[in-house]
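Trainee: Let's see this in three dimensions:
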Amino acid sequence: MLEVAPGTEVYWETCGSPDGKPAVVVHGGPGSGCTPGHRRGFDPAAYRIILFDQRGCGRSTPHAGDPATDLTDNTTQNLVADMERVRQHLGVDRWLLQGGSWGSTLALAYAEAFPARVSEMILTGVTMGRRAEADWLFRGGVSPLFPAQWARLCDAVPPERRTGDVVEDYRRLLSDPEAAVRDRAAFEWSMWESATPDWPPVTGLAERFADPVFALGFARLVTHYIAHDEFLEDGVLLRNIDRLAGIPAVLVNGRYDLQAPIGNAWELHRHWPSSEMVIVDDAGHSRNPALTSELIRASDRFAAAPRAG
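Mentor: Next up is the predicted model:
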């Protein structure tokens, strides 16, 4: 555990080779936390693999699944600062960043703040924190493909509590003094989050949301970030991509990624000459064997590159 602010600790771990090339995994969500699967994109003989749980989730404390946890200081800027504290704490000079979904946004934000500390990047399910991306997934953009699931999400908000913005509606419900209201909101939000990641799409509640503490924490963090436009000026990460000039990157996206359509990665690639784009057919947002193979292919290639730290 690393204290990053008074009363706030971030969980980290390292695995693989202590003398290997440093690589840090930036998990998605916000609020997903790291899992053993995040280690598996790297050869443990070649890499020093660093995992950490972002503020408020996973094994970091306090946890957003506790309704008493204040999220005011849980911002993109503070998560970037936390990553830099972890790097310094571990004595790493430069590291490879691997980020997926929200993790790709946070990885880009970190890299643009500290480009000298980044050796390479591997991003998947690419997002850049833009309002249009959030509107696509959380304000009805993708709803024509999932009309029943979207109607369920919206209809679960009591009519007297609707503001016209379903994200704000759920943010408020998830902070309600009544536990039953919070739990119902977390369940309905989790049902929507379960509808869109897989290709082909699946029905029902994703396994990870069966834990009510995880579900509440995840929903609180996602709605907190989306309600605040991910604490980023709209389009700023794309506008500042020149800061990453010369940093090699591989952008891996499923062709049928309905959460982060391949147009996001394509636009980023067009503005980032040192990036390479890989489109994985028959893949969506969630990792499947084909998408995982491309992530491993990228990390194996970068393992042979010169390293520092």
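
Trainee: element containing the nearest residue to A227 once chain neighbours are set aside, please.
Mentor: Nearest residue to A227, sequence neighbours excluded (CB to CB, 6 or more residues apart in numbering): R171, at 5.0 Å. Quick note: C-beta positions are derived from backbone N, CA and C, even for glycine. If you go by DSSP states H and E, R171 is part of helix 166-173.

Trainee: who touches that helix?
Mentor: Applying CB atoms under 8 Å, 6 or more residues apart in numbering, the external contacts of helix 166-173 come out as 134, 138-140, 153-154, 157, 161-163, 181-182, 184-185, 188-189, 219-220, 223-224, 226-227.

Trainee: picking up where we left off before, distance of the residue nearest to A227 relative to A219?
Mentor: 9 Å (CB to CB, to the nearest Å).

Trainee: Looking at the two, which has the bigger crowd around it?
Mentor: Ranked by neighbour count (other CB atoms under 10 Å), R171 and A219 place A219 first, with 27 against 23.

Trainee: how near is that one to R182?
Mentor: To R182, A219 is 9 Å away according to CB to CB.

Trainee: Spit out the residues that contact those two alike.
Mentor: Common neighbours of A219 and R182 (criterion: CB under 8 Å, 6+ apart): L174.

Trainee: Would you map out the domains in this protein?
Mentor: As recorded under automatic domain parsing, the domains making up the chain are 2-131+231-303, 133-229.

Trainee: Tell me which of those sits most buried.
Mentor: Counting by mean count of other CB atoms under 10 Å, domain 2-131+231-303 has the highest mean neighbour count of the domains of the chain, with a mean of 19.

Trainee: Strands of the chain, start to end?
Mentor: For the chain, strands defined by DSSP state E occupy the ranges 2-5, 8-10, 12-16, 21-26, 47-52, 95-100, 118-124, 249-254, 275-280.

Trainee: Quick one: those strands as JSON lines, columns for mean pLDDT and distance to P62 too.
Mentor: Listed next are the strands of the chain as JSON lines, based on pLDDT from 0 to 100; distance: least, CB to CB, whole Å:
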{"stretch": "strand 2-5", "mean pLDDT": "97", "distance to P62": "11"}
{"stretch": "strand 8-10", "mean pLDDT": "98", "distance to P62": "7"}
{"stretch": "strand 12-16", "mean pLDDT": "98", "distance to P62": "17"}
{"stretch": "strand 21-26", "mean pLDDT": "98", "distance to P62": "21"}
{"stretch": "strand 47-52", "mean pLDDT": "98", "distance to P62": "16"}
{"stretch": "strand 95-100", "mean pLDDT": "98", "distance to P62": "24"}
{"stretch": "strand 118-124", "mean pLDDT": "98", "distance to P62": "29"}
{"stretch": "strand 249-254", "mean pLDDT": "98", "distance to P62": "34"}
{"stretch": "strand 275-280", "mean pLDDT": "98", "distance to P62": "37"}
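
Trainee: what's the closest of the ones you listed to D176?
Mentor: Closest to D176 of the strands of the chain is strand 8-10 (CB to CB; 24.2 Å).

Trainee: Distance from that closest one to the middle of the chain?
Mentor: Centroid separation for strand 8-10 versus its chain: 18 Å, with CA atoms, centre = their mean, to the nearest Å.

Trainee: E112 and L237 touch, don't they?
Mentor: Yes: with contact defined as CB atoms under 8 Å, E112 reaches L237; the gap is 6.5 Å.

Trainee: S32 contacts G56, correct?
Mentor: No: using CB under 8 Å, S32 makes no contact with G56, being 11.3 Å away.

Trainee: which neighbours do those two share?
Mentor: Overlap of the contact sets of S32 and G56 (by CB under 8 Å, 6+ apart) is empty.

Trainee: where's the residue nearest to W102 when sequence neighbours are not counted relative to P197, distance?
Mentor: Leaving out its chain neighbours, the residue that sits closest to W102 by CB to CB, 6+ apart is G28, at 4.5 Å. Taking CB to CB as the criterion, G28 is separated from P197 by 10 Å.

Trainee: Equivalent analysis for T76, please.
Mentor: Distance of T76 to P197, computed by CB to CB: 22 Å.

Trainee: just N253 next, same as before
Mentor: Per CB to CB, N253 is found 13 Å from P197.

Trainee: What of M128?
Mentor: M128 is 18 Å from P197, by CB to CB.

Trainee: Equivalent analysis for V213, please.
Mentor: V213 sits 21 Å away from P197, going by CB to CB.
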